[in-house]
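Engineer: Got a predicted model here, sequence first, then my questions.
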Amino acid sequence: MTVRVTLDFGTLDARADQALKATTARVGERTQALLRARVWTWPNVTERRNGELAGLTRNIIDEGTLAASQSEPRRMGTLNYRLTWDADHAAAVFLGAVFRKRAGSLPARNAPLAAIRSLNLPEEFAKAWRKG
């Protein structure tokens, strides 16, 4: 006699999706903390638009535009979430830039990548899964 066992993992999809959303949100939180941390090197002391003198080791906050431009985790598909920073200067800050019209360049200060590297993503997912 044949015995069949059918396993329905459909209920796990919603739980996995919520855990991934929470893990993505954790990356966003860590990125925000890194933007504010005075850990980023810079070649010289400069005066920021807000009047603050920023030294050789600094945070990435000037007027707060970049930090404020971070999106909430957005579902892009099955088990796929995205964070976006839509400030005009986001790419220049995270990836670095070389200016043609003026001498100089900006060093890359890739806070999202640093956030991902500083977190144990499987552990973050497991924590979110257990909360689910």
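Structural biologist: Thanks, I have the structure now. Residues are numbered from 1 along each chain as shown.
Engineer: for residue 75, helix, strand, or coil?
Structural biologist: strand (DSSP: H, G, I helix; E, B strand; the rest coil).
Engineer: Specify the beta-bridge partners of it.
Structural biologist: residue 81 (DSSP bridges).
Engineer: right, and residue 112 touches residue 84 too?
Structural biologist: No: contact criterion C-beta atoms under 8 Å: residue 112 and residue 84 do not qualify, at 10.0 Å. Heads up, the C-betas are built off the backbone N, CA and C, glycines and all.
Engineer: So for the two, which sits in the more crowded spot?
Structural biologist: residue 112 (18 against 11; other C-beta atoms under 10 Å).
Engineer: lowest-confidence helix or strand of this protein?
Structural biologist: Of all helical and strand segments in the chain, the minimum by mean pLDDT, DSSP states H and E falls on strand 105-106, at a mean of 84.
Engineer: quick one: strands adjacent to that strand?
Structural biologist: Here, using DSSP bridges, strand 105-106 pairs with strand 97-98 (antiparallel).
Engineer: what is the mean pLDDT for the strand it pairs with?
Structural biologist: For strand 97-98, mean pLDDT is 88.
Engineer: if we can go back for a sec, contact partners of the least confident helix or strand of the chain?
Structural biologist: Residues outside strand 105-106 that contact it (C-beta atoms under 8 Å, 6 or more residues apart in numbering) are 92, 93, 96, 97, 98, 99.
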